[in-house]
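K.L.:
predicted structure and sequence below. I'll ask about it afterward.
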Amino acid sequence: MLNVGALNEGYVLDHIKAGYSITIYNDLQLGKLDCTVAIIKNARSKKMGKKDIIKVECPIEDLDLDILGFIDHNITVNIIKDGKIVAKKDLSLPKQVTNVIKCKNPRCITSIEQELDHIFVLSDEKNEVYRCKYCEQKYHSKKKSGNKLIDVRK
């Protein structure tokens with residue numbers, strides 16, 4: 001049995017769709033943080049069959065949970081302090097995301113004004129559709145194909 005040590009302070013990101021933890025690691029820019037990160041891929045799960053888990057030992061304010069809600073709002077976030085779970089945070093789709101995705105409309109002001117933030121606003125929560133704040137270009141946060149997430153940001 002695999003044993004990954006307990007955290008003193010940080011997060012455990014649980015119920016990540018199997019095989020998706022590396023994408024989350026990159027999107028949260030965990031490689032740039034000076035902290036300990038453990039990635040567990042394809043762990044057995046009664047609820048999901050297989051799942052990924054990420055353990056991040058860092059001060060709680062170092063992670064952007066809005067980005068995590070954008071990536072997959074079904075992930076469970078366990079907040080750890082003094083080696084114990086002090087809270088579980090349910091994620092939701094953020095109402096707005098800034099500089100997470102880029103507008104692909106060549107006529108958008110963000111194509112001309114490079115220093116402008118790329119801001120997308122949630123326009124349809126049910127279908128997970130975001131629109132550019134400036135030109136209203138439509139963006140789907142993800143497509144579901146069976147149980148597998150397909151990243152469409154690239």
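P.N.:
Received, thanks. Numbering: from 1, shown residues only.
K.L.:
only C-alpha atoms for contact and neighbour calcs from this point on.
P.N.:
Fine.
K.L.:
so how far is D117 from the residue nearest to A6 when sequence neighbours are not counted?
P.N.:
Spatial nearest neighbour of A6, excluding adjacent residues (Cα to Cα, 6 or more residues apart in numbering): G83 at 6.6 Å. Note on G83: its distance to D117, by Cα to Cα, to the nearest Å, is 38 Å.
K.L.:
could you do D124 as well?
P.N.:
For D124, the distance to D117 - Cα to Cα - is 21 Å.
K.L.:
surely D52 meets V12?
P.N.:
No - shown here, D52 and V12 do not form a contact pair, counting by Cα atoms under 8 Å, at 10.7 Å.
K.L.:
show the residue spans covered by the helices in this structure.
P.N.:
All helices of the chain, identified by DSSP state H, fall at 21-27, 65-71, 109-112.
K.L.:
point out the most buried one among those.
P.N.:
Highest mean neighbour count of the helices of the chain: helix 65-71, a mean of 20 (counted as mean count of other Cα atoms under 10 Å).
K.L.:
elements contacting that helix?
P.N.:
On a contact count with 3 or more Cα pairs under 8 Å, 6 or more residues apart in numbering; DSSP states H and E, helix 65-71 meets helix 21-27, strand 96-98.
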